[in-house]
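Undergrad: Below are the sequence and a predicted model for it; my questions follow.
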Amino acid sequence: MELHRNQSSLHSTFLLTGIPGLQARNIGVSIPFCFAYAVAVLGNSAVFLVIVKDQTLHKPMYLFLCMLAVSELGVSLSTLPTVLGVFLFDAREIGLDACLSQMFFIHCFSIMDSGVLWAMALDRFIAIYNPLQYTTILTNFRIAMIGSGIAAKSIILLAPLPLLLRRLPFCRSNVLAHPYCLHPNLIRLPCADTTVNSFYGLFVLLCTFGLDSLFIVLSYTMILKTVLSMASKEGRLKALNTCVSHICAVVIYYTPMIGLSMVYRFGKHAPPLVHSLMANIYLLVPPLLNPIIYSIKTKEILKAFGRVLHRKKF
């Protein structure tokens, strides 16, 4: 029993890993990471602030985009301290409680991302299916309730994960495969039965990403059915054009997420570099690209940026 306690306390800290095989080039690797994080944080902050400040953007579509920017800011800021710490200062140690906290926030904001993408798909469906009652159906109160529900669901479902891991003894390896803490990585390290953790993790995955992706597919099935029933070709193209930014955001988010899940479940013998790259793409690419895509594809956002900048000059 005493030996068991000693082993458990021995691994109360973990060692974070940079890019496997490139540890000797951490400073060089940090340059693209710093640039990507700067663009992600500044881009999402700018989208959030311009929507909040510009009254003309206080419409359902842009309010949901504001939520997406907040959740992606959360993902970026949750990983930023340890990623830059590893690459810039070789600060690889992280305590158990700090690691579990980071894991909670990363997965929580990531689940919020998925929920907001589903809400945005619902928004596009209502806008195309019933445009005359669009603002009547999606009132500010209902949008606030949807946002609150997404946040509450994420927090409630994720809260047990750190507690379930905290009760286990970590006395195998204390080396994590990434420069941040992820549940699939942490669950491999305890030297006790992790069946409950695995089943609960799968339950969370199905209740969040599984249901959200199903609802997104159903929403776009209904959107296509509505668009194909339109008589005017111009009307069909205009309706589909309003969905392009959201479709890009869904593809950018779910493709690396599915790839990462497949690597963890079926690619156990894949090189560590593959695991590391998939995790970094999943957590960094969507927050990096989405503000750029929405800014380029949405004229109202560009005009609002211009108005905000014009006001600051005077």
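TA: That came through, no problem. These numbers were taken from a predicted model, which means no experiment stands behind them.

Undergrad: can you count the residues close to Glu234?
TA: When neighbours are counted by other C-beta atoms under 10 Å, Glu234 registers 8. No exception for glycine: its C-beta is placed from N, CA and C like everyone else's.

Undergrad: Identify each buried residue in the helix or strand hosting it, please.
TA: According to DSSP states H and E, Glu234 maps onto helix 233-241. Under the neighbour-count criterion of 16 or more other C-beta atoms under 10 Å, helix 233-241 has Arg236, Ala239 buried.

Undergrad: who does that helix touch, helix- and strand-wise?
TA: Here helix 233-241 touches helix 211-228, going by 3 or more C-beta pairs under 8 Å, 6 or more residues apart in numbering; DSSP states H and E.

Undergrad: helix or strand for the closest residue to Ala270 other than its chain neighbours, which one?
TA: Counting by C-beta to C-beta, 6 or more residues apart in numbering, Val263 is the residue found nearest to Ala270 once chain neighbours are left out, at 5.9 Å. In this assignment (DSSP H and E), Val263 forms part of helix 244-266.

Undergrad: Please report the distance of Lys238 from Val244.
TA: Distance of Lys238 to Val244, computed by C-beta to C-beta, to the nearest Å: 11 Å.

Undergrad: Helix, strand, or coil at the residue nearest to His178 when sequence neighbours are not counted?
TA: Leaving out its chain neighbours, the residue that sits closest to His178 by C-beta to C-beta, 6+ apart is Ala279, at 5.1 Å. Assigned with DSSP: H, G, I helix; E, B strand; the rest coil, Ala279 falls in the helix class.

Undergrad: For Ala279, list the residues it contacts.
TA: Contacts here follow C-beta atoms under 8 Å, 6 or more residues apart in numbering; on that basis Ala279 touches Ala177, His178, Leu182, Leu260.

Undergrad: can we see that at 10 Å?
TA: 79, 177-180, 182, 184-185, 256, 259-260, 263-264 (C-beta atoms under 10 Å, 6 or more residues apart in numbering).

Undergrad: same question, Pro81
TA: Ala91, Ile94, Ala98, Gln102, Pro179, Tyr180.

Undergrad: Can you identify the element that follows the lowest-mean-pLDDT helix or strand in the chain toward the C-terminus?
TA: Lowest on mean pLDDT, DSSP states H and E among the helices and strands of the chain sits helix 2-10, with a mean of 43. Where DSSP H and E defines the elements, the next helix or strand beyond helix 2-10 is strand 13-15.

Undergrad: So which elements touch that following strand?
TA: Here strand 13-15 touches strand 93-95, helix 96-129, going by 3 or more C-beta pairs under 10 Å, 6 or more residues apart in numbering; DSSP states H and E.

Undergrad: any idea which of these is most buried?
TA: Each of these was scored by mean neighbour count; the highest is helix 96-129, a mean of 22, by mean count of other C-beta atoms under 10 Å.

Undergrad: now that helix against helix 233-241, angle please.
TA: Calculated by axes from the mean of the first three to the mean of the last three C-alpha atoms, to 10 degrees, helix 96-129 forms an angle of 170 degrees with helix 233-241.

Undergrad: Any chance you could list what contacts the helix or strand just after helix 96-129?
TA: Next in sequence after helix 96-129, counting helices and strands by DSSP H and E, comes helix 134-137. With C-beta under 10 Å, 6+ apart as the test, helix 134-137 has contacts from Lys59, Pro60, Met61, Leu122, Asp123, Ile126, Ala127, Ile128, Tyr129, Asn130, Arg142.

Undergrad: Please produce JSON lines containing those, extended by pLDDT and distance to Phe215.
TA: JSON lines is the format used below for those (pLDDT from 0 to 100; distance: C-beta to C-beta, whole Å):
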{"residue": "Lys59", "pLDDT": "92", "distance to Phe215": "22"}
{"residue": "Pro60", "pLDDT": "93", "distance to Phe215": "17"}
{"residue": "Met61", "pLDDT": "93", "distance to Phe215": "17"}
{"residue": "Leu122", "pLDDT": "95", "distance to Phe215": "7"}
{"residue": "Asp123", "pLDDT": "96", "distance to Phe215": "12"}
{"residue": "Ile126", "pLDDT": "95", "distance to Phe215": "13"}
{"residue": "Ala127", "pLDDT": "94", "distance to Phe215": "16"}
{"residue": "Ile128", "pLDDT": "93", "distance to Phe215": "16"}
{"residue": "Tyr129", "pLDDT": "92", "distance to Phe215": "15"}
{"residue": "Asn130", "pLDDT": "92", "distance to Phe215": "18"}
{"residue": "Arg142", "pLDDT": "95", "distance to Phe215": "16"}
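
Undergrad: Great, nothing more from me.
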